[in-house]
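**Student:** sharing a model that was predicted from the sequence below.
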Amino acid sequence: MANHFNFYSPTEVIFGKGTHKATGKYIKKYQGTKVLIVYGSERVRKNGLMDEVTASMEEEGLTYAFLGGVVPNPHLSKVYEGIELGKRMRADFLLAVGGGSVIDTAKAVAYGMAEPEEDVWTLFEHTRTAKKCLPVASVLTIAAAGSETSMGAVITNESTREKRAYDDDLARPKFAVMNPELTMALSDYQTESGCTDIMMHTMERYFTNGGNMEITDSIAEGLLRTVITNAKIVHSDPQNYDARAEIMWAGSLAHNNLTGCGNDGGDFASHMLEHEIGGMFDVTHGAGLAAVWPAWARYVYKNALPRFVRFAVNVMQVKPEGTDEEIALKGIEAMEEFYHSIGMPINMTELGIAPTDGQIHEMAVCCAKACKGSKGSAKKLYQDDMEEIYRMAR
């Protein structure tokens, strides 16, 4: 049975070739005047993208400053640096030029600047909720996190190795400039990690025991099939614009809550499990999800057997022959084969890490703490369950 839901997705999307050259016009539309531009590597400056973005801002009479050096699994220390820089320049708008880590950093800086008397990390510790946030927007350079249209942000406190998420509609971006051409310079590993992340945002909402809607399921399944098809295309043809466009739009639709309308909010245990892997070992998020998902799936599939059967048949194109359990397991195996076909790992060994028993226990303890004791809809997981999944994923 369908659950009640509120769907809120206010971000304006400007999609297509060359759209980044109009960034300044859209900042002005949303009343930005002094802009803190957040970015990651120097690639966006060396390849001329930043020059084109700032030229559009100068045409609109906007002033700006830069906060560079954001890394994957973005650091809290960079957020604090951005808050102080934003205060000095009296920024009234945050523009992220990059992917999910850059956008999440911009959101965190926007929270911190809006409430300077508070420590922004307390939001991610969930000891308070935000009351204000400066406006945020993005020029997207990697299709993955969906942060360009979502309410979420994930930040890593590098001193405690805690990777934590905070979700609030206050931080939903005002607009997202999405030019698939900007993703063509990415490595295959970055591209396919992004595809995995997109799929997992949908799968987390799909594998539930708390009610579903046929239309939502159909949207989710179509999105997953689309990403699978186009991830294989860009793996062999990285300059394929149409495939990259399909993937980029799927990334936004996967994480603006569209694929969760009518369910119980989703599972998201795989994400919480990966957050601890990312916090401890600083792995690429999408690849970390690929490494932990097969173990999670095998641990929980009997508790959500109808969903796994539907996934196997409708998404992974498994023939509905044999018992439900056999079909479900074939679906999991097909997903593992897909991950391998695009160069993604299916366990932590393939991810390149070898956590000790002690580290696995530590991750399970931290994961349970972050989940306030338990997490999951396909199957509710507790600390012992989390530890066993980590062991299975080695």
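**Tutor:** On my side now, so go ahead. Since this is a predicted model, take the numbers as computed values, not measurements.

**Student:** every contact and neighbour count from this point should use C-alpha atoms.
**Tutor:** OK.

**Student:** per-residue confidence at Asp264?
**Tutor:** pLDDT for Asp264: 93.

**Student:** what do you get for Glu333?
**Tutor:** 98.

**Student:** and what of Gly100?
**Tutor:** With respect to pLDDT, Gly100 has a value of 97.

**Student:** ok, the closest residue to it other than its chain neighbours - contacts?
**Tutor:** Excluding its sequence neighbours, the residue lying closest to Gly100 (C-alpha to C-alpha, 6 or more residues apart in numbering) is Ala145, at 5.0 Å. Contacts for Ala145 were tallied using C-alpha atoms under 8 Å, 6 or more residues apart in numbering; they are 99-100, 194, 197-198, 251, 255.

**Student:** in the stretch 1-150 of the chain, which spans are helices?
**Tutor:** Assigned by DSSP state H, counting those that start in this stretch, the stretch 1-150 of the chain shows helices spanning 23-29, 43-46, 49-59, 76-89, 100-114, 121-124.

**Student:** got any ranges where this structure has weak pLDDT?
**Tutor:** 1 (pLDDT under 70).

**Student:** quickly list the domain ranges of it.
**Tutor:** Split into domains by automatic domain parsing, the chain comes to 12-182, 188-392.

**Student:** state the three-state secondary structure for Ala153.
**Tutor:** At Ala153 the chain is in strand, as set by DSSP: H, G, I helix; E, B strand; the rest coil.

**Student:** what distance do you get for the closest residue to it other than its chain neighbours to Val70?
**Tutor:** If the residues on either side of it in the chain are set aside, Ala153 comes closest to Asp104, at 4.6 Å by C-alpha to C-alpha, 6+ apart. Distance, Asp104 to Val70, using C-alpha to C-alpha, to the nearest Å: 10 Å.

**Student:** the two: who's more crowded?
**Tutor:** Using other C-alpha atoms under 10 Å, the more surrounded residue of Asp104 and Val70 is Asp104, with 29 against 22.

**Student:** residue contacts, the more buried one?
**Tutor:** 74, 147, 152-155.

**Student:** could I get the full set of strands for the chain?
**Tutor:** With DSSP state E as the criterion, the chain has strands at 12-15, 34-39, 63-67, 93-98, 136-140, 152-157, 162-167, 175-178.

**Student:** sorry, back to before: could you measure from the residue nearest to Gly100 over to Trp249?
**Tutor:** Where Trp249 is concerned, Ala145 sits at a distance of 12 Å (C-alpha to C-alpha).

**Student:** swap in Ser341?
**Tutor:** As judged by C-alpha to C-alpha, Ser341 and Trp249 stand 22 Å apart.

**Student:** likewise for Ala96?
**Tutor:** Relative to Trp249, Ala96 is positioned 18 Å away (C-alpha to C-alpha).

**Student:** same check on Lys380?
**Tutor:** According to C-alpha to C-alpha, Lys380 stands 31 Å off from Trp249.

**Student:** more neighbours: those two, which one.
**Tutor:** A direct count of neighbours by other C-alpha under 10 Å for Lys380 and Trp249 places Trp249 higher, at 20 against 15.
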